[in-house]
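> with the sequence up front, the predicted model follows.
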Amino acid sequence: MLIVVMKEQASVKQIGGVLREIESRGLTPFLSRGKDITQVGCMVKGDSAQIEEKLLGLDGVERTFASSRPFRLASREFHPENSVVHVSGVPVGGERLIIMAGPCAVEGHEQLQTVGKLLTELGVPMIRGGAFKPRSSPYSFQGLGEQGLELLHEVRNRTGLKVVTECLKPSDVELVGRYADLIQVGARNMQNFALLQELGRCRVPVLLKRGMMNSLEEFLMSAEYILANGNQQVIMCERGIRTFETMTRNTLDISAVPVLRRLTHLPIIIDPSHAAGDRELVPALSLAAVAAGADGLIIEIHPEPDKAWSDGPQCLNFPGFRSLMTQIKAVAQAVGRTL
Ligand code: PEP
Ligand code: MN
């Protein structure tokens, strides 16, 4: 991708001139507007010398360079400043650390209302809960489906909590998008390209989880599928990868936080619950994630974890979550984040 860096004082008219020049050659310009830096990217096939010369001659243009990354719109080269994704008014990727918490699966009205009440009391802005569950066994509980979405909507109406819930297939994007403030792509679907393309065409922010056997470059390429199809609201989520270690459900790749931070402008959050698979380990992994610079956490909690229909062993109970929130606050403060 060829990137045009605009001068700091470049006017809207001058930026428009660059966009029009690119369009006049039958190419699509991608605009990256930060607080201080404005850049325009375009994919040039073949020799770019002629178009580069023309662009360099336009008013307001500082310089041009070719990006070397296979992921383009997701790269920090294209968008140097951190992006903030606004989830129905909740900014993810800013100074405030964003906590999302809730059960693995939506089980019923009572369960969600109890969780909703706790989150409101603790000032947690977002509730999670799967209505469509990607289960390893076809005989396991598959989620309440649309009824589960309605229960999430109910708790949203009552509390103002924003809803994050998973979508499993392209044909459900429209349905899930009607209920969700943030649509989750689960680890098993990270490379479901048809789903990513459909999410790119919708206007609801996406929480993209890293596949359990995918490299960070593949993870970024999956984000690129969503961005390239028009949806710029993507949050990256590391949730543990498969390694030789059997003591934990997955191995939390904590280095994913600083490595992704270097490569992309997109917000980065951590799911300590699916990484650990064990509630006793969730606090340590949560605190490590915050210390490493994550923009938020997505944590599984349940009023009665032993009775949970899925992922009970990794769900925190209410007292456990309450005490973890106090610890998170201390670490957040230490690394200059608010909660
Ligand atoms: C979940 O969030 O409940 C879930 C299924 O997560 P993952 O896709 O990371 O396994
Ligand atoms: Mn789960």
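Nice, thanks for sending it over. Numbers count the residues shown, from 1 in each chain. Ligands and ions are numbered 1, 2, ... in the order given.
> can you verify my assumption that residue 335 contacts residue 294?
No - counting by C-beta atoms under 8 Å, no contact exists between residue 335 and residue 294, whose distance comes to 9.7 Å. Placement of C-beta: from N, CA and C, glycine included.
> higher neighbour count, these two?
The neighbour count for residue 335 versus residue 294, taken as other C-beta atoms under 10 Å, is higher for residue 294 (27 against 12).
> distance of that one relative to residue 254?
With distances defined as C-beta to C-beta, to the nearest Å, the gap from residue 294 to residue 254 amounts to 9 Å.
> show me the helices in the stretch 1-150 of the chain, by range?
For the stretch 1-150 of the chain, the helices defined by DSSP state H, counting those that start in this stretch cover 12-24, 49-56, 109-122, 146-159.
> helix or strand: which one has the nearest residue to residue 204 once chain neighbours are set aside?
For residue 204, the nearest residue in space outside its immediate sequence neighbours is residue 177; the separation is 4.5 Å by C-beta to C-beta, 6 or more residues apart in numbering. When elements are defined using DSSP states H and E, residue 177 is found to belong to helix 173-179.
> now residue 233. Nearest residue, chain neighbours left out?
By the measure of C-beta to C-beta, 6+ apart, the closest residue to residue 233 outside its immediate chain neighbours is residue 205, 3.6 Å from it.
> look at that neighbour and report its pLDDT.
According to the prediction, residue 205 has pLDDT 98.
> what about it, neighbour count?
Here the neighbour count serves as a burial measure; for residue 205 (other C-beta under 10 Å) it reads 25.
> and the gap between it and residue 41?
Distance, residue 205 to residue 41, by C-beta to C-beta: 21 Å.
> ok, now which ones touch the residue sitting nearest the centre point of the chain?
The structure's the chain has its C-alpha centroid closest to residue 235; by C-alpha atoms, centre = their mean the separation is 1.7 Å. When contacts are counted by C-beta atoms under 8 Å, 6 or more residues apart in numbering, residue 235 touches 85, 92-93, 182, 205-208, 266-269, 295-296.
> could you do residue 102 as well?
When contacts are taken as C-beta under 8 Å, 6+ apart, residue 102 is in contact with 112, 115, 119, 127, 128, 129, 300, 301.
> my guess is the first one contacts residue 129, does it?
Yes - under the criterion of C-beta under 8 Å, residue 112 is in contact with residue 129, at a separation of 6.5 Å.
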